[in-house]
Structures are given as structure tokens and as C-alpha cells.
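Novice: Mind folding the following:
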Amino acid sequence: MVEKMSFIETTNINNGCTARGTFTLRLGGHSKNGYKSLNCGLYTDDDTDLVKKNIDEVLKVIGRERSEIAFCKQVHGNQVKVLKSSDILKTKDFDPIGEYDAIVTNKRDLTLFTYHADCFAIFFFDSVNRVIGLAHAGWKGVHLNISKNVINQMKRNFGTRPEDIKAFISPGIQKCCFEVDNDLSDLFIKQYDWAASYIEQKNHDKSYIDLHSIIKYQLKEEGIADIESSMLCTCCNEDKFFSYRRDGIETGRMGAFIELGEEKDGQKNTGCWRWRKYFRVDCI
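Specialist: I've put the predicted structure just below:
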């Protein structure tokens, strides 16, 4: 079933082949009903064996074993796990490495993985120091500015300069569908004096928040200039994405994956394009 998979490419990060990232669509897996079909959410009520089988299909494509991926139990916060090249990571059978919502690493034998249904994946790549990061950002993570924490950890642990970072924002719930109580939009306005520009009042009780634009503003505010994104709405596009807002608890999760490419004798390893040999390319 792998040949039916589709993905969204992290275009600016993948360009040059020294890192590669992808965001899966809901197509090409084994799950049924509301989780149909490539559900990558290990903490959903789906059959766990089917979810693991789905992730195995992706791992087969990117040439990784279960022991070569790192992921966390996501808790809608802004804490970041740092993995250095010297760290020994012992994982098997999809064991999480703690409760965090982002991971940063310079390990070249590791693929980072997060899971999403309306929440955004934010990909980071420092091409100078060869460091990658991946964040899960729902409204809580955006309000807590998880992007800033990721960048600070990259700076502190690996000497990253923000101007050397390429960032990519995945599909997520866009402003058109993220209707909230005004109490929530007020939280953003109180936290950020510029946030009102990204909030549209519907009536005296409700408003729409543009989380995508807020994430982009936060990245720029930290000094990142190279930012690309997909503007697709996970809630609007039922044929492509799972959505908690649209479907409730019985829905799956898309997977976000990023890893460093290898360099041999100063040459970029074109093996990173092996992904395209297997995926039905559907970059959107």
C-alpha cells in the first residue's frame, strides 16, 4: 500500500539534500473507519497494531528501523528535548523519550517524528551546524511560543544562528475553521500586543484566530528569514487530512518526519531522494 502514500515536502529544507522532511497525508495506510487510513497516532483509540503497521510503512520508505526514530508523548506545552550526537538513545517498539512537544538534535542516525490532527508541525534546519528540530504546535504551544524555545535550544546547545535556520510550517487548522471563544483570543492579545492583527472578530462571543500567521510572526521575530509553509487547512480538506476539530475523538494523526542527510567525502548523498521512489509524489 506504500505506493499510494502522499506527502507534503518541506521544500526549502529538502532543497540541497542535506536534510529532508515530510508531512504525511491520511492516505496509504491500514486503519479503518474514522482512522482511515495512514493513522500515525499511537495515542488514539485506533488498533495499536495497525498504527504501528502504518508507521512501519513510512519507516520502510525512509529507510529507518523502529529503533532509529525519536518521538515524545506530546502534552500541548512548549518544552524541548535536546539529543546530542554523543547521547545514546535506546528505543524500541515506539517508546517515547518523555513528555515534550519538540525535539532538537544533531544526530545523523535519527529521524524525528511528531503526530498531528489540526496542530501544526514546525520544521527547523540549521544548515551550517547541521542541526534539526521538530515541534508540535497547537494553540497552547503557539501561545507559549514553542518556536522560541526550539530556537533557543539550538542556539544554546549547538551554536545555531537564527539567520542560518530554514523553517517550514505544515498544514494545520487555518483561520477559516479555527473559531474560538473570545476568552481564548483575548489570551493571545494580552500575551502579544501584535496578535490582534491575526484575530478576526465574528461577534461579541466568538472570533477566528490565524495560528499559522502567528507562528510565522514568531519565527520572524526570532530572526528567521527563510520560512516556507503549506497553507492547506486540515479541517477543510477531509480527503487529505485528519482533523480533531472536524471529526472529534475518532480521528487519526498525520506524521511529521525530519532527518539529516549524510555527506560522504564532501559530497551530498543523493540517497535522500529514495523517498520519492516509493511515495506517490503529491507535494502541495
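Novice: phi, psi of the residue in the chain sticking out farthest from the centre?
Specialist: Farthest-out residue of the chain from its mean C-alpha position, per Cα atoms, centre = their mean: H204, at 33.5 Å. For H204, the backbone dihedrals (degrees, to the nearest 10) come out as phi -70, psi -10.
Novice: Now it: closest residue in space, sequence neighbours ignored.
Specialist: What sits nearest to H204 in space, not counting adjacent residues and going by Cβ to Cβ, 6 or more residues apart in numbering, is N182, at 7.5 Å. C-betas here are computed from N, CA, C, even on glycine.
Novice: How about the contacts made by the one you found?
Specialist: By Cβ atoms under 8 Å, 6 or more residues apart in numbering, the contact list for N182 reads Q201, H204, D205, K206, S207.
Novice: what bridges to the nearest residue to the fourth one once chain neighbours are set aside?
Specialist: Distances taken as Cβ to Cβ, 6+ apart place E179 nearest to K206, at 5.6 Å, with adjacent residues excluded. Partner residues in beta bridges with E179, using DSSP bridges, are Y208.
Novice: Verify the contact between E179 and N203 for me.
Specialist: No - with contact defined as Cβ atoms under 8 Å, E179 does not count as touching N203 (10.3 Å).
Novice: who has more neighbours, those two?
Specialist: Between E179 and N203, E179 has the larger neighbour count (other Cβ atoms under 10 Å), namely 16 against 7.
Novice: so where do the strands sit in the stretch 101-250 of the chain?
Specialist: Along the stretch 101-250 of the chain, the stretches classed as strands by DSSP state E, counting those that start in this stretch are 102-105, 111-116, 120-126, 131-137, 165-169, 179-181, 199-201, 206-209, 226-229.
Novice: would you list the ones you listed in TSV and tack on mean pLDDT and distance to V150?
Specialist: Converted to TSV, the strands of the stretch 101-250 of the chain look like this (pLDDT from 0 to 100; distance: least, Cβ to Cβ, whole Å):
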stretch	mean pLDDT	distance to V150
strand 102-105	98	5
strand 111-116	98	11
strand 120-126	98	6
strand 131-137	98	5
strand 165-169	98	9
strand 179-181	98	24
strand 199-201	97	24
strand 206-209	98	21
strand 226-229	98	14
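Novice: Any chance of these in CSV with distance to S6 as columns?
Specialist: Shown next, in CSV, are the strands of the stretch 101-250 of the chain (distance: least, Cβ to Cβ, whole Å):
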stretch, distance to S6
strand 102-105, 25
strand 111-116, 15
strand 120-126, 16
strand 131-137, 20
strand 165-169, 17
strand 179-181, 28
strand 199-201, 31
strand 206-209, 28
strand 226-229, 18
